[in-house]
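*Asks:* Model the structure of this input:
(2 chains)
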Amino acid sequence: MENNKPNHFIHDIIDADLKAKKYASKVHTRFPPEPNGYLHIGHAKSICLNFGIADKYKGTCNLRFDDTNPLKESDEYVQSIIADVEWLGYDIKNNILYASDYFDIFYEHAITLIKAGKAYVDDQSAELIKSTRGSLSAPGINSPFRDRAIEENLTLFKNMKSGQYANGEKVLRAKIDMSSPNLNMRDPIMYRIIHANHHRTGDKWCIYPMYDWAHGLEDSIEGITHSICTLEFEDHRPLYDWYLSQLKVHHPQQIEFARLDLDYTVMSKRKLKELVDNKHVDGWSDPRMPTISGLRNRGYSPDAIKMFCEKIGVAKRNNIIEYALLEYCVREDLNKKAMRVMAVLDPIKLIIDNYPDDTSEDLIADNNPENENDGTRLIPFSKELWIEKSDFMEDAPKKYFRLSPGKEVRLKHAYYVTCTKVVKDDTGRVIAIHCNYDPNSKGGWTDDGRKVRGTLHWVSVKHAVNAEVRLYDRLFTVDKPLDTKKHNNFIDTINPNSLHIIQNCKVEPSLNMIDFKQYYQFLRTGYFCFDSQSNAEKLIFNRTSTLRDSWKNP
RNA sequence: UGGGGGAUCGUUCAAUGGUAGGACACAUGGUUUUGGUCCAUGGGAUUGGGGUUCGACUCCCUAUCCCCCAGCCA
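*Replies:* Below is the predicted model of the structure:
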């Protein structure tokens, strides 16, 4: 297989490092989520990037939980993240790591820094620390506790660890430069006191490391070579570098790239959590959510998501990818994989007057014209069929290929039929359509050169199975829900019609849950999958996406 | 405002001093037992102004615009 995956600036950096024999010519990356929510498609970009690099350079990629804040994290999130990464297809069984496993090491390193006179215990309140940090243009003010004796710092820090102080009473700070133009360097906090139960370490600790202090050490301990993160950490890099060089430990290279943003959705864990908590969606895995588990329930394949992550590229400029590209990727992938079936979403009865009353016959249908190996199946055909309401028009425009009075169409895999008359109710609404079929067109073809433009899908009335179908639309009505210049609150821009449930859809009998398939294409209507709530008694399908539709009703 | 980043077709990624190219989107044809797929064609961009150079998206100067940072979040 040729490797024509696009190259990007991070590859260039790694190539240069390899050439310079930096890091003993090995490549080790990591994907470091905080378990404080479910993974979304933006994380998928990072996962594909980091695991992709490990793969390309024959290195390793760790899944590492950055679990340094017990207040926001939970095991539920840990489990969902592991499941999502594995579902995407990355083998992490032997590479699941936790920052919390390094807490003892972090602590020892902190002692080292204190002993070197590079860290101190500060008694100031959070408010005071904030107010003495200065501003974007004004320098900060040194804490009165900044020049405490090393021995005193050591004692105080040990007391912090042993639980002698309340939350917020003291912090450990790095002694750097309160007048640095980079706010991150103004004596950043290394440890804060949080008396809380941690999902892995329980009550062992009541001091927890801050991100900047912990992250570089995590990378260093694991022997990471290239620590890839998003743009907002760019001005944290000097601090990342400062800690590691003070401690003279293995020093990975931090590289920043632009995170993924998608139009017509939101992509921050906080915002997604708000949608979940306020019940705007049915949990993190709602098929409308841009979460990995949401996309999975929606019927997206791992390959489609990976293809998407490759196509969007990796660069440093802020970007908003069009949702259309994601849809292109599912269609592209599912076109090759999906089993073609017939399902009528909005049924109307079609009666074939010249077809025998009490017979039915099994017709051969190919499962996927894109892949002959997928074989064929039999579909029952009889006198009364369900067809799609939108496939009939009494007064049809010229370019309408479907059924209308006097016109002949093909019933897919079956016969040609010609519409003879319609039946209406008292209000004039069409409730049934009558037609005649051509017995010589069995299989949907004749050799007489007849041109039959329209092809309809159908389901035999007496063999049809009822199903519920859930149609999804974009979750938001605007392309940038978070544009505060246009919208006060992104919640206001939620699409009230993002979920449309239809009952009594008629599907072909092969669609029971006994012969379960992962991906379906309902012929002419879209890609679908079984909903996780679906069972043999009640079939429920989710629409993954529509098919492309070049037909424009004039 | 101090600091850190960034600006190329509608969107996104490339071009690393040498023909501005790909993908998606859009448009128009063709094929078709899915108005799907597939195939072909087309329109469409270097933020502005100077400079260096035989030659500039690329280097220099200047202006403008956008993003990030003042959590004991990550």
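*Asks:* who touches the residue nearest to residue A:390 when sequence neighbours are not counted in this structure?
*Replies:* Spatial nearest neighbour of residue A:390, excluding adjacent residues (C-beta to C-beta, 6 or more residues apart in numbering): residue A:346 at 6.7 Å. Any C-beta I mention is one placed from the backbone N, CA and C, and that applies to glycine too. Each residue near residue A:346 by C-beta atoms under 8 Å, 6 or more residues apart in numbering is listed here: A:388, A:389, A:390, A:502, A:505.
*Asks:* how does it look with 7 Å?
*Replies:* By C-beta atoms under 7 Å, 6 or more residues apart in numbering, the residues touching residue A:346 are A:388, A:389, A:390.
*Asks:* Need the pLDDT of it.
*Replies:* Listed pLDDT for residue A:346 reads 98.
*Asks:* Now the buried members of the contacts of residue A:346.
*Replies:* residue A:388 (16 or more other C-beta atoms under 10 Å).
*Asks:* Among the contacts of residue A:346, which ones are in strands?
*Replies:* Among the contacts of residue A:346, DSSP state E puts residue A:388 in strands.
*Asks:* and the contacts of residue A:346 as a markdown table, adding pLDDT and distance to RNA strand B?
*Replies:* Formatted as a markdown table, the contacts of residue A:346 follow (pLDDT from 0 to 100; distance: C-beta to the nearest atom of the strand, whole Å):
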| residue | pLDDT | distance to RNA strand B |
| --- | --- | --- |
| A:388 | 98 | 10 |
| A:389 | 97 | 14 |
| A:390 | 96 | 9 |
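*Asks:* Include distance to residue A:281 when you put the contacts of residue A:346 into CSV, please.
*Replies:* Converted to CSV, the contacts of residue A:346 look like this (distance: C-beta to C-beta, whole Å):
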residue, distance to residue A:281
A:388, 29
A:389, 30
A:390, 29
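*Asks:* Name the nearest residue to residue A:253, ignoring sequence neighbours.
*Replies:* Spatial nearest neighbour of residue A:253, excluding adjacent residues (C-beta to C-beta, 6+ apart): residue A:226 at 5.5 Å.
*Asks:* What is the neighbour count of that neighbour?
*Replies:* Look at residue A:226: counted by other C-beta atoms under 10 Å, it has 24 neighbours.
*Asks:* got it, and residue A:510?
*Replies:* Residues near residue A:510, counting by other C-beta under 10 Å: 19.
*Asks:* Equivalent analysis for the one 4 residues further on, please.
*Replies:* Counted with other C-beta under 10 Å, the burial measure for residue A:514 works out to 7 neighbours.
*Asks:* where does it land in three-state SS?
*Replies:* coil (DSSP: H, G, I helix; E, B strand; the rest coil).
*Asks:* ok, now how distant is it from RNA strand B?
*Replies:* 23 Å (C-beta to the nearest atom of the strand, to the nearest Å).
*Asks:* And the closest residue to that residue other than its chain neighbours, which helix or strand is it part of?
*Replies:* Distances taken as C-beta to C-beta, 6+ apart place residue A:536 nearest to residue A:514, at 6.9 Å, with adjacent residues excluded. Under DSSP states H and E, no helix or strand contains residue A:536.
*Asks:* and residue A:545, what is it in contact with?
*Replies:* Residue A:545 neighbours (C-beta under 7 Å, 6+ apart): A:327, A:330, A:331, A:526, A:527.
*Asks:* Share the number of residues neighbouring the residue lying closest to the second one once chain neighbours are set aside, please.
*Replies:* For residue A:330, the nearest residue in space outside its immediate sequence neighbours is residue A:304; the separation is 4.3 Å by C-beta to C-beta, 6+ apart. Residue A:304 has 25 neighbours, counted by other C-beta under 10 Å.
*Asks:* Make sure residue A:304 is actually in contact with residue A:336.
*Replies:* No. Between residue A:304 and residue A:336 there is no contact under C-beta atoms under 7 Å: 10.4 Å.
*Asks:* Quick check: closest non-adjacent residue to residue A:136.
*Replies:* Closest to residue A:136 by C-beta to C-beta, 6+ apart is residue A:183, at 7.6 Å.
*Asks:* That neighbour and residue A:165, how far apart?
*Replies:* Separation of residue A:183 from residue A:165 (C-beta to C-beta, to the nearest Å) stands at 26 Å.
*Asks:* ok, now residue A:284?
*Replies:* According to C-beta to C-beta, residue A:284 and residue A:165 sit 36 Å apart.
*Asks:* which of these two has more neighbours?
*Replies:* residue A:284 (22 against 19).
*Asks:* what's the residue in the stretch 351-500 of chain A positioned nearest to RNA strand B in contact with, if anything?
*Replies:* Proximity of the stretch 351-500 of chain A to RNA strand B (C-beta to the nearest atom of the strand) peaks at residue A:444, 2.6 Å away. Going by C-beta under 7 Å, 6+ apart, residue A:444 touches A:410, A:411, A:412, A:413, A:414, A:415.
*Asks:* any chance of those in a markdown table, with pLDDT, secondary structure and neighbour count too?
*Replies:* Listed next are those as a markdown table, based on pLDDT from 0 to 100; DSSP: H, G, I helix; E, B strand; the rest coil; neighbours: other C-beta atoms under 10 Å:
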| residue | pLDDT | secondary structure | neighbour count |
| --- | --- | --- | --- |
| A:410 | 98 | strand | 22 |
| A:411 | 98 | strand | 25 |
| A:412 | 98 | coil | 17 |
| A:413 | 98 | coil | 24 |
| A:414 | 98 | coil | 25 |
| A:415 | 98 | coil | 22 |
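*Asks:* With distance to RNA strand B as extra columns, can I get the residues you listed in JSON lines?
*Replies:* Shown next, in JSON lines, are the contacts of residue A:444 (distance: C-beta to the nearest atom of the strand, whole Å):
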{"residue": "A:410", "distance to RNA strand B": "5"}
{"residue": "A:411", "distance to RNA strand B": "8"}
{"residue": "A:412", "distance to RNA strand B": "5"}
{"residue": "A:413", "distance to RNA strand B": "5"}
{"residue": "A:414", "distance to RNA strand B": "8"}
{"residue": "A:415", "distance to RNA strand B": "9"}
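*Asks:* Show me which pair in these is furthest apart.
*Replies:* A:412 and A:415 (10.0 Å; C-beta to C-beta).
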